Structure formats: structure tokens, C-alpha cells
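Peer 1: Next comes the sequence, and after it the predicted model I'd like to discuss.
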Amino acid sequence: MTFAGVQIVLGSVLVLVAAFNGMAQLRSTEMREALNKMLQMEQAATLNLTLESARTLAKYTLLASGAAAAVSLVLGIFVMRRDRSARLALTIMGGLIGLVTLAGGPAAWVVTAYVGAAVLLLWTKAARTWFASAKSEQTPGWGPPPGQTWPPPPSPPDRR
């Protein structure tokens, strides 16, 4: 489970770095050339996008992927702390991210396979046992153990 958690956290950090880098490069000549090249392809030509609308679309796509990566980063940390609801949330997010990246072509399919493999690791038999043992280790309810008060009573002053 440590391996799966680390993969999720590292993958999220890489996507965050890529999103920040993409936002920084949005107005560069390299980005303009890449968007113009993309707009000249016949699949993109049917969308009737201008350079500015393609740049806006790229900006919102980068923002959405950065937000998803930030959420995945936090959930990955909680998964490593044996949080069962974080595992479920990551599974749902992984499915959504996988569906969205499938439209991105072969390069994005690698991302889809990476996300899918990390999510599948969360549901192996060993992972289910690991998460189940976390539930049995927790004490039921909130508060101090039975027989203790919270906060502990103050100690009597030391009189010598």
C-alpha cells in the first residue's frame, strides 16, 4: 500500500508541476506555435476555434487538471493513513480522470494506464486486508479511553 500511495502522491505532484509549467508557458511563442499547429489539424478545424479561444480552453483545462491533482495529492496522503473513504474517493476520481484523458490521444493513454494501475492497487486483497485492519485498530467513538477524563486533571502542586 505504501507503493500505491507513493505513486498516487508522486503522480499528483508531477501533474501539478506540469499544470503550473503549462500556465507559465500559456502566452509563449512555443505555445502559440503548438496551438496553431493543433488548430490546423482537420479534427480541430471542425471546432472553429481561434487561437485565443484555444488558449482559453487550454487555460481552463490546466486549471481543472491542477485542481484534480491537488485533490488526488491530499487523498493519496489520507490513503497512506488508511482512510477508507479516501480510497473510495480516489477510485471515483481515477475513473473520471481516466475517462477524460482517453480523449487526449496516445500520450494521455499512458496517464490513463498509470492512474488505472495505481487505483487497482488500492483494491487488491492485501490492500483490503490493510484497510480492514485499520478499522479494527481504532477505538469506537471520540474521546479518551474508558476510565479516563479529558483533559487530564491537573497535578497537585509540589510542596516541599
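Peer 2: On my side now, so go ahead. Given the structure is predicted, the values throughout are model-derived calculations rather than measurements.

Peer 1: which helices and strands does the longest helix along the chain pack with?
Peer 2: Scanning the chain for the longest helix, with DSSP state H as the assignment, gives helix 51-80. Contact partners of helix 51-80 among helices and strands, from 3 or more C-beta pairs under 8 Å, 6 or more residues apart in numbering; DSSP states H and E: helix 2-24, helix 29-39, helix 84-102. Heads up, the C-betas are built off the backbone N, CA and C, glycines and all.

Peer 1: how many other residues sit next to Leu62?
Peer 2: By the criterion of other C-beta atoms under 10 Å, Leu62 has 20 neighbours.

Peer 1: how far away is it from Ala45?
Peer 2: Leu62 sits 23 Å away from Ala45, going by C-beta to C-beta, to the nearest Å.

Peer 1: do Glu30 as well
Peer 2: 21 Å.

Peer 1: of these two, who's got more company?
Peer 2: Higher neighbour count among Glu30 and Ala45: Ala45, with 11 against 8, using other C-beta under 10 Å.

Peer 1: Which residue, other than its chain neighbours, is closest to the more buried one?
Peer 2: Counting by C-beta to C-beta, 6 or more residues apart in numbering, Leu39 is the residue found nearest to Ala45 once chain neighbours are left out, at 7.1 Å.

Peer 1: Please apply the same query to Ile97.
Peer 2: Val115 (5.4 Å).

Peer 1: list the contacts for the residue nearest in space to the middle of the chain?
Peer 2: Most central in the chain under C-alpha atoms, centre = their mean is Ser72, positioned 1.7 Å from the mean C-alpha point. Taking C-beta atoms under 8 Å, 6 or more residues apart in numbering, we find Ser72 in contact with Ile8, Gly11, Ser12, Val15, Leu90, Met93, Ile97.

Peer 1: ok, now Leu121?
Peer 2: Met1, Phe3, Ala4, Gln7, Ala127.

Peer 1: ok, the last one touching Met1?
Peer 2: Same thing as Ala127. Yes: assessed by C-beta atoms under 8 Å, Ala127 is found in contact with Met1 at 5.5 Å.

Peer 1: measure the closest residue to Ala4 other than its chain neighbours to Ala44 for me?
Peer 2: Counting by C-beta to C-beta, 6+ apart, Ala4 lies nearest to Leu121, which is 3.7 Å off, once chain neighbours are set aside. Distance, Leu121 to Ala44, using C-beta to C-beta: 36 Å.
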